[in-house]
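A.B. asks: Show me the folded form of this:
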Amino acid sequence: VQNVSKQLDMLNGEEFANYMNAFSKDSGLPLDARYLIPENIGEGTDWQKAIFRQAPLQSYQLSVASGTEKNQFSISGGYYKQEGVILNSDFERFSLRSNLDQKINDWLKVGSSISLSKITSKGVLTGAQSSGTGTLLPGATSTALLFPPTLPVLDATEAGGYTVEDDRGRNIGNPVADALETDNISNDARAIANIYGILTLAEGLNFKASGGVDAFSVKDNRFVPNYLKRSKPNNGDAVVATVDGQSWLTEFTLNYAGTLGSRHSFDALIGNTYQGFHSERLFAFALDYPDNRTGWHNLGSALNPQPASTGESNWGIISYLGRLNYGFDNKILVTLTGRLDGASKFGKNNKYGFFPSGSIAWKLHEEDFIKKLGWFYSLKTRLSYGVIGNQDIFPYASLATVGPLGQGVFNNTEAYVGQEPLRYPNPDLKWERTSQFDFGLDAEFAKGRLAATFDLYQKQTTDLLLFTPLPATTGFSGALFNIGGLRNRGLELSLNSRNL
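C.D. replies: Below you'll find the predicted structure:
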């Protein structure tokens, strides 16, 4: 069970009335008729106590696993329910997960995993801006501290049966009514699935194929009835918003690992991957509800429905990669990698980027001339250089896009909506590149209980992806360009001790 650990000490109704009377006397003002007899007001309303509650929490898990030498299987399910400490708030989740690995024969192994979840939550507005007036309305918790203790929760003379607003002109509504009568519901469903297969073509030679998808659906429903203070300018308002999408990833790799004699070992990998993303979104809202019973279930019942907005987003990345690891006598380790990545987000002239890297490490403690010193438990020196790319920009950043602008009538009968350019095109937009050189030395002493690490590095970023201002004569405020760079140089030294 959850509880609010501490509530603020506030004046009760009688104490508040005495305070207001003292204030009026000290200010030379006539006494307010609402507070003339403080003892008749009594305790009044403790608004913190009115909106907070004991909130139970439940969590259940059930799992089953089984397996043999050739197959392993597991399935688990869960249920989680958490009520919020504020009235009308909660969180509920159902989850299911399964894993399967199966060795079909000596040359084929397959597997899969599936994860499903469904989340429903109710939230309480903790602060919002009125779409009618633009006024910032405080949320239930802050309102509970501001609302006068002299006012009751309920008022049968009002349409909704609640005291509507503060009687001191501070533009705040009844926090209990806000919490109980506002619908703020979110539904989130998600499914993640992965499959793979490993085919052994020859000793040390394996081909692996894998694929995965992550699909999601989110829907938010909100309704504020017309008798609440926060919706008075709109006479009630409702919102329905949805986002549906999925991302997917496929990988195909060929890997070979082997040795030459007793001193040479290596493994090589080549592969291809593809990642994609697609999403669609809808946002609709309506104002002026003569009947609160329909709420967000029927936006068309509002007298002032607003134009809905929709959107769609797509992007993809295709990659070709290779890696070679070589080891000599368990003393010298060499790694070489390279990948060619193409991203749909960049301009048509520069969608691809090549990113190489390489490293070499020498285990000096394996050499006789170091062993003779008797100083080191382990000693390794390393040298590396690599380049990575950044494509963390919004889709269509390189393209010219248009959007609606204004409305009109053609030939006195045909209505139209105008279109205007929204984005300055940049067909040369390309990957942001970061290269890093590093020289390091790792040493351990006293059977590994004392360790020291030294690094000397230089990191340089070029072709930064930056939103750059444009002259007003272009008709655009700015556009995304590759411009500028950063360079970091440094020396790092760390010492670690394990005393136990």
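A.B. asks: Can you dump the C-alpha atoms of the helix or strand that contains residue 382 in PDB for me?
C.D. replies: Assessed by DSSP states H and E, residue 382 sits inside strand 378-390. Taking Å, rounded to 0.1, in the frame of the first residue of the first chain, the C-alpha atoms of strand 378-390 are listed here in PDB:
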ATOM      1  CA  SER A 378      49.300  -7.800 -16.300                       C
ATOM      2  CA  LEU A 379      50.500  -5.200 -18.800                       C
ATOM      3  CA  LYS A 380      48.900  -4.300 -22.100                       C
ATOM      4  CA  THR A 381      49.400  -1.500 -24.600                       C
ATOM      5  CA  ARG A 382      46.800  -0.600 -27.200                       C
ATOM      6  CA  LEU A 383      46.300   1.700 -30.200                       C
ATOM      7  CA  SER A 384      43.000   2.300 -32.000                       C
ATOM      8  CA  TYR A 385      41.500   4.600 -34.600                       C
ATOM      9  CA  GLY A 386      37.900   4.600 -35.800                       C
ATOM     10  CA  VAL A 387      35.200   6.600 -37.500                       C
ATOM     11  CA  ILE A 388      31.500   6.600 -36.600                       C
ATOM     12  CA  GLY A 389      28.500   8.300 -38.300                       C
ATOM     13  CA  ASN A 390      25.500  10.200 -36.900                       C
END
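A.B. asks: Identify the neighbouring strands of it in the sheet and state each direction.
C.D. replies: strand 352-363 (antiparallel), strand 432-445 (antiparallel) (DSSP bridges).
A.B. asks: what does the last one contact?
C.D. replies: Around strand 432-445, the neighbours that count as contacts under CB atoms under 8 Å, 6 or more residues apart in numbering are 353, 355, 375-391, 450-465, 482. Placement of C-beta: from N, CA and C, glycine included.
A.B. asks: Name only those of those residues that count as buried.
C.D. replies: 353, 355, 378-380, 382, 384, 386-389, 391, 451, 461, 463-465, 482 (16 or more other CB atoms under 10 Å).
A.B. asks: what comes up buried for stretch 347-355?
C.D. replies: Neighbour-count burial for stretch 347-355 [16+ other CB under 10 Å]: 347, 350, 351, 353, 355.
A.B. asks: just how off-centre is that stretch within its chain?
C.D. replies: 28 Å (CA atoms, centre = their mean, to the nearest Å).
A.B. asks: Figure out the length between the terminal residues of that stretch.
C.D. replies: Taking CA to CA, to the nearest Å, stretch 347-355 runs 18 Å from one end to the other.
A.B. asks: what residues are up against the nearest residue to residue 432 once chain neighbours are set aside?
C.D. replies: Spatial nearest neighbour of residue 432, chain neighbours left out: residue 390 (4.0 Å); criterion: CB to CB, 6 or more residues apart in numbering. With contacts defined as CB under 8 Å, 6+ apart, the neighbours of residue 390 are 431, 432, 433, 434, 465.
A.B. asks: Neighbouring strands - and their directions - for the host helix or strand of residue 452?
C.D. replies: Residue 452 is part of strand 450-462, with elements assigned from DSSP H and E. Here strand 450-462 is paired, per DSSP bridges, with strand 432-445 (antiparallel), strand 485-497 (antiparallel).
A.B. asks: after that strand, next one along is what?
C.D. replies: Following strand 450-462 in sequence, per DSSP H and E, is strand 465-469.
A.B. asks: The very next helix or strand once past that following strand - what's its average pLDDT?
C.D. replies: Next helix or strand after strand 465-469 toward the C-terminus (DSSP H and E): strand 478-482. What strand 478-482 shows for mean pLDDT is 93.
A.B. asks: Need the residues that contact strand 478-482.
C.D. replies: With CB under 8 Å, 6+ apart, strand 478-482 has contacts from 393, 397-398, 423-426, 428-430, 432, 463-470.
A.B. asks: try it again with 7 Å
C.D. replies: Applying CB atoms under 7 Å, 6 or more residues apart in numbering, the external contacts of strand 478-482 come out as 393, 397, 423-424, 426, 429-430, 432, 463-470.
A.B. asks: same question, stretch 72-79
C.D. replies: 60-67, 94-101.
A.B. asks: any idea which of those is least confident?
C.D. replies: Out of those, that is residue 67, at 91.
A.B. asks: got a list of what it touches?
C.D. replies: By CB under 7 Å, 6+ apart, the neighbours of residue 67 are residue 73.
A.B. asks: what separates it from residue 73, distance-wise?
C.D. replies: 6 Å (CB to CB, to the nearest Å).
A.B. asks: quick one on the thing from earlier: so can I have CSV of the strands paired with strand 378-390 showing mean pLDDT?
C.D. replies: Below are those laid out as CSV (pLDDT from 0 to 100):
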stretch, mean pLDDT
strand 352-363, 96
strand 432-445, 96
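A.B. asks: Return the helix or strand in this structure with minimum mean pLDDT.
C.D. replies: Using mean pLDDT, DSSP states H and E, the weakest-scoring helix or strand in the chain turns out to be strand 127-129, at a mean of 58.
A.B. asks: doesn't residue 199 make contact with residue 107?
C.D. replies: Yes: Residue 107 lies in contact with residue 199 (CB atoms under 7 Å); the separation is 6.5 Å.
A.B. asks: Flag the shaky bits of this structure, pLDDT-wise.
C.D. replies: 127-137, 500 (pLDDT under 70).
A.B. asks: Secondary structure class of residue 168, three-state.
C.D. replies: coil (DSSP: H, G, I helix; E, B strand; the rest coil).
A.B. asks: helix or strand for the closest residue in space to it that isn't next to it in sequence, which one?
C.D. replies: Nearest residue to residue 168 in three dimensions, chain neighbours excluded: residue 148, at 6.3 Å (CB to CB, 6+ apart). Using DSSP H and E, residue 148 maps to neither a helix nor a strand.
A.B. asks: if we can go back for a sec, mind checking which of residue 107 and residue 199 has more residues around it?
C.D. replies: Ranked by neighbour count (other CB atoms under 10 Å), residue 107 and residue 199 place residue 199 first, with 15 against 12.
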